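task: produce atomic coordinates for the following.
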Amino acid sequence: FAIDIPPGFGRDLLQGRQPQISFWLDGGNAFPADTARAYIQGVVLTYAAERYRRLYGHDPQLLPINIEPRFRYNQDFRSVFAITPGTLMLLLLVFPAMLTALGVVREKEMGSITNVYASPATVGEYLIGKQLPYIAIGFVSFVSLVVLAAGALGVVPKGSVLALSIAALIYVFAATAFGLLVSAFVSTQVAAIFGTAILTAMTAAHYSGFLFPASTLEGPARVMGLSFPALWFQTVSLGVFAKGLEASAFLREIAVLLGFGIVFLLLARLSVRKQGV
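Down below sits the predicted model:
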């Protein structure tokens, strides 16, 4: 926790005024935060009682202090403001990845992928050509989801919409590249659907900060979260919707998301080549 003591606090206290002091707690891990809050309140109340006793010579009937807990973000404590950014993160990962994987595997089942084998197009060109339409579809979905969240749910982005849009575009790029990677290892549409859904939805829900705060992840769970793009986009989504942060706060997250997309696409390219395309 951190203590914020405003200027003139001691002077106002000696003059009998009502100065304010704030204690900032990181509530990402609820149990340590609640324990720290109890210790802080105990110290503050003990100090107030001792000061009153020193000034007036007896114990106070009522402590001359008022403690008001406040939330820095989402002060109304409404779940819609916490769930909507995470839902956006999930939808922009699961469905673009699934559709991209199906787009490639469908050609395997139908046999039309042999046209690629005989064409002068390289495997990389084929994969990028399959990926681009789904990137466009995913970004259109992002725009419609943001409009729906603002119009129907009243969850309006408070920070940089430009940063959110850039991060969403790169995030969809990474999601579709992951779909291409999955398609390189499966040969049926059913396997593509289940494989992509399990890998994306389970990882994103449990290791991105959607169900549990990312700051509480430890050990292998922390490694899993950092090794998948969902956690990084969730940071951007929450930061824009709930915290009102500007674009400069997300430079690292955007760079990491771009790195995920490039790595997934390169791995898909290498995996397809190994299968003899």
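
now do the SS call for the closest residue to residue 150 other than its chain neighbours.
Spatially, and ignoring its direct neighbours in sequence, residue 150 is nearest to residue 156 (4.7 Å; Cβ to Cβ, 6 or more residues apart in numbering). C-betas here are computed from N, CA, C, even on glycine. When classified by DSSP: H, G, I helix; E, B strand; the rest coil, residue 156 comes out as coil.

quick one: contacts for residue 156?
Neighbour list for residue 156: 149-150, 241 [criterion: Cβ atoms under 8 Å, 6 or more residues apart in numbering].

just want the phi and psi numbers for the nearest residue to residue 217 once chain neighbours are set aside.
The shortest distance from residue 217 to any non-neighbouring residue, by Cβ to Cβ, 6+ apart, is to residue 225 (5.2 Å). The phi and psi values for residue 225, taken as degrees, to the nearest 10, are phi -60, psi -40.

which residues of the stretch 101-250 of the chain fall in helices?
114-118, 123-148, 161-183, 189-197, 203-207, 220-226, 229-241 (DSSP state H, counting those that start in this stretch).

which one of those lies nearest to residue 107?
Of all those, helix 114-118 sits nearest to residue 107, with 7.7 Å by Cβ to Cβ.

and the closest one, average pLDDT?
Mean pLDDT, computed over helix 114-118, is 67.

returning to that earlier point: most tightly surrounded among the helices of the stretch 101-250 of the chain?
Comparing those by mean neighbour count (mean count of other Cβ atoms under 10 Å), helix 229-241 ranks first with a mean of 27.

now the helix or strand just after it: buried residues?
Sequence order places helix 251-274 as the next helix or strand after helix 229-241, per DSSP states H and E. Using 16 or more other Cβ atoms under 10 Å as the burial criterion, the residues of helix 251-274 that qualify are 253-254, 256-258, 260-261, 264-265, 268-269, 271-272.

distance-wise, check the residue nearest to residue 150 relative to residue 14.
For residue 156, the distance to residue 14 equals 45 Å [Cβ to Cβ, to the nearest Å].

how about the spatially most central residue of the chain, what does it touch?
With distances taken as Cα atoms, centre = their mean, the residue of the chain nearest its centroid is residue 234 (1.2 Å). Contacts for residue 234 (Cβ under 8 Å, 6+ apart) come out as 85-86, 89, 208-210, 214.

show the model's pLDDT score for it.
94.

so what's residue 130 up against?
Applying Cβ under 8 Å, 6+ apart, we find residue 130 in contact with 100, 103-104, 180.

how about JSON lines for these, with pLDDT and distance to residue 37 added?
Below are the contacts of residue 130 laid out as JSON lines (pLDDT from 0 to 100; distance: Cβ to Cβ, whole Å):
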{"residue": "100", "pLDDT": "93", "distance to residue 37": "46"}
{"residue": "103", "pLDDT": "85", "distance to residue 37": "51"}
{"residue": "104", "pLDDT": "84", "distance to residue 37": "52"}
{"residue": "180", "pLDDT": "92", "distance to residue 37": "47"}
